[in-house]
Every structure is written in structure tokens, then in C-alpha cells.
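[1] Need coordinates for the following:
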Amino acid sequence: MSAKSVFGMVFIGICLILALIIGSSIFHVNNISQIQVIQSFTGKTSIRTQGGIYMQIMPRIWTYNKTNQVAFSFVKDESKDNDGVHVFFANKGQGDISTQITYNLISEEEKVYKLHELAKGDDDVIDRRILATIREVTMREAGLITSSEAIEKREEFANKIRKELLHNPDYTAIGIDITQFTITNIEFDDLTIEAYKKAQEADLKKKTAEAEKLNLEMQKERVEAEAAMEIAQSKGKAEVEKTKAETDAEKEKKLAEIAAEQRVAVAELEKKEATAKAEKEAEVARIEAQKEAEVAKITLEMEKTKLDTVKVQAEQKIAEAEAKQKAIELAGEMKEAEKITLEKTLEAKVKIADAISKGLVTLKLPTTVFWGGGEGGAVKATSAIDYLINILTVQKANELAAVAPVRGGGTAPAPAK
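    Next up is the predicted model:
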């Protein structure tokens, strides 16, 4: 290979290295789960919370994880600094408490700057500050309870600490939000464990004695209950017999009352039926009497009609006789035309009387009618017979007048209706 080729390859390699160096000083990457504080070579500082590649010429960058989980523990391999909390309880017992927390960094720009002023890019600074608060609160709360209470009411003990840590305003003001706290372990010293065992044994003996006492009390209560049951059964038997006798007597009394009520109800029903029957018979009798009265009234009207008919027939005969008498008296004095007129007049009277007689025989009219024509338009009451006679007389006269002869021959015109 020639010297020129070697020189070319070396030059290309140098260019690539320079490109990488320059590229790494200009192009940078931020993970979405991180917050970066970026200071340019001019000294201007900015905050980046979004993920992705960005361009900045030779900046200084501090990176913080948005979410952090930290253990403060005496358990091997659980915490790198063996930094649990040693406490003294109210009964002089001692214990090593291991805890774990989770906190988030708030992405508001102002709070990120405050966090950066505190930590200057070192997460351990944040963890040490939180541990200091945990120690303060845990030691204070432990001094208020006994070691036995710490064992038996461990979660209640943890809740008291948790209440002061979670979303603590002093931490949120600098961009740290503590979201979770757990007591992972409590390791008691030997004296505390021994004392706890003795307390447990004493408590067990006490509970055993209480159980035996309770058992004796239960046996006593059972014996008393059995005796009371026997007494109650004897007494109950007598009460049952007494109650049965009283119930039977009450039942007989109730049946007697029901029977009496039924008899009263039957008597009331019979009374109502008798009253209804009497009212019905009275109504039938009234209807029969009314019917007989109407029949009598109709019979009377028929008799009157027959009498009126005889009367009209008599008047007809009188009219015929009068006509004949008049004809005899005037036979020699009247002229031929007057004689014809007289005959027609007599004939008309005879026809009118005959029409009235037939009408009375064939028609049934009410006994009284009302008709107009009186003085001042007053209404007069008359018998049905008289009313019929008036009607038939006018009607027949009009019919005869329509064909009556006049002097000199011809027929007279019909009068206007």
C-alpha cells in the first residue's frame, strides 16, 4: 500500500473522530422519564422535560429522573449505605426500622430550578434530605408507643409517619412530591424481644385464665338455663292448658255472638222482603185502580159520544122536518131559484149533520180541547164533541158552497179560506 493511501485513510479516520466529537457536543438526547437542566457556553440556563434529540452547542447538562424509589434499610443488599432508622420506644425497647419511599419530581420550571439549586445534579442530596425527615418523624412517633405496640400495631405506626411525609408541602415547594412510604422491616434488640416474649406469655396466661373463667360462667349459665327451661316447661304446660280453656270459652262466646248476629241479619232481611212485598202489592193495586178508572173514563166518554150521536141524529131529523115544513109554507110564494137555494141549504144541513154523526161514531177524541177565536184572541175550552161539530160544519159548508147555484144559473165561487 502506498504512503499516499495510508495518509488518506488516517485523514478520513481523524475526520470521523472530529465529526463524532463535534456531533456529541452539538446534538444531545433527553429521555421522556428525565428532566434536564441545560446551561449553554454563554451561561444561559433552560429546562427540558420532553424526550427527544435537540441541538445545543457545548452545553453543561444535569439530569434528574422524574420518578425515584429509594430504600433506607439495615437489610443487606437492600440499601447501599445501611441507612435505616434506629429508634427507642416508650418502654425503653429498641429497634432498627427499614423503610422505602417513592417520590416524583415536579416539572414546573420554577420548582425545577429550586431543586437544582439544592441538589446540583446529585440525586443523593435529595435522598439524604428525605432520610433526615424520615428519621425525625419515625423517632418521634416511636417514642410515643411501646415496642409491643410497634409489633402489634405496625400499620397504624406506619400511617402516622406516612401522614407527615406524603405530599409534604415543604418538599413540594422545591419540586419533590413524596407519594409512597412503607415500613419494610423492624428489627428489635434481644432485650426487647425477650421482654415481648414474657409479655406475650403473661398475656397468654391472662387470656387462658379469662377463657377458663368464661367457660365456668358459660357452664353456670347453661345449668341455670336448663333449670329455667324445666321450670318454664312445667309452667308452660299449665299455661297452655289454661290458655286452651280460655280459648275454647272465648271461641264458644264468639260463635254465640256470630249466631245472634246471623239471626238479627235474617230478621232484618225478612223485614225488608216483607216491606218490599207490601210496597209491590200496593203499587199493583194502585196501577189496577188507575187502570179501572181509565177504563171507566173511556166507557163514560163512549156513552157520551153515543148520546151526542143520538143528539145529532135527532137534530138532523128536526132539520129535515123543519125543512119540509118550510118548504110547504113557502111552496106557493117562492120563485124557482129561491126554492132551489132553500133545497140546497136544507140538503147542506142534512149532510153536515150526517158527517158529524159519522165522525162521532168512528173517532176517539180527548174529552177537552182548547181553541182560539174568542174575544180579544182568548182561548176557550169546549168538549171534544162540540169542537168536532164546529170543524165538520165549516168544512162541509165550504164544500157545498163551492157548488151552490146562483140566480140566473151557474155556480157560486168557493169562499176564500
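[2] other SSEs contacting the helix or strand containing residue 236?
    Using DSSP states H and E, residue 236 maps to helix 190-329. Helix 190-329 sits against strand 94-105, helix 147-152, helix 336-362, helix 384-401, with contacts defined as 3 or more CB pairs under 8 Å, 6 or more residues apart in numbering; DSSP states H and E. Using the backbone N, CA and C atoms, a C-beta is placed for each residue, glycine as well.
[3] Strands of the stretch 51-200 of the chain, start to end?
    Using DSSP state E, counting those that start in this stretch, the strands of the stretch 51-200 of the chain run over 52-55, 60-65, 67-72, 85-88, 94-105, 176-188.
[4] Show the average pLDDT along the second one.
    So the one you mean is strand 60-65. Averaged across strand 60-65, the pLDDT comes to 93.
[5] mind listing what it pairs with, with the direction of each?
    Paired neighbours of strand 60-65 in the sheet (DSSP bridges): strand 34-39 (antiparallel).
[6] and the angle for the strand it pairs with with strand 67-72?
    100 degrees (axes from the mean of the first three to the mean of the last three CA atoms, to 10 degrees).
[7] List of residues touching strand 34-39?
    28, 30, 45-49, 51, 56, 59-66, 105, 107, 112-113, 116, 121 (CB atoms under 8 Å, 6 or more residues apart in numbering).
[8] follow-up on the earlier one: just give me the lowest mean pLDDT stretch among the helices and strands packed on helix 190-329.
    helix 384-401 (a mean of 59).
[9] So, low pLDDT: which residues of the stretch 1-150 of the chain?
    Under the criterion pLDDT under 70, the flagged ranges of the stretch 1-150 of the chain are 1-4, 6-8, 10-11, 13, 15-25.
[10] For it, which segments are assigned as helices?
    Using DSSP state H, counting those that start in this stretch, the helices of the stretch 1-150 of the chain run over 3-26, 109-119, 123-142, 147-152.
[11] centre of the chain versus the shortest one, how much separation?
    When you say that, I think you mean helix 147-152. 55 Å (CA atoms, centre = their mean, to the nearest Å).
[12] Name the residues of it that come out as buried.
    147, 148, 149, 150, 151 (16 or more other CB atoms under 10 Å).
[13] right, and the last one touches residue 193 too?
    Meaning residue 151. No: counting by CB atoms under 8 Å, residue 151 stays clear of residue 193, with 9.5 Å between them.
[14] So for the two, which residues contact both of them?
    Common neighbours of residue 151 and residue 193 (CB under 8 Å, 6+ apart) do not exist.
[15] and residue 81, how many residues sit next to it?
    Per other CB atoms under 10 Å, the neighbour tally for residue 81 reads 12.
[16] no wait, residue 264
    Counted with other CB under 10 Å, residues neighbouring residue 264 total 10.
[17] same check, this time on the one 5 residues further on
    If you count neighbours by other CB under 10 Å, residue 269 ends up with 10.
[18] Could I get the pLDDT score of it?
    Looking at residue 269, its pLDDT stands at 84.
[19] Show me how the record splits this protein into domains.
    1-65, 66-188 (automatic domain parsing).
[20] What residues does the residue nearest to residue 104 when sequence neighbours are not counted make contact with?
    Nearest non-adjacent residue to residue 104, counting by CB to CB, 6 or more residues apart in numbering: residue 177, 4.8 Å away. Residue 177 sits next to 103, 104, 105, 106, 167, 171 when contact means CB under 8 Å, 6+ apart.
[21] returning to what we had before: just the strands of the stretch 51-200 of the chain: most buried one?
    Neighbour counts (mean count of other CB atoms under 10 Å) averaged over each of those peak at strand 94-105, with a mean of 20.
[22] got the angle for that one vs strand 67-72?
    Calculated by the same axes, to 10 degrees, strand 94-105 forms an angle of 170 degrees with strand 67-72.
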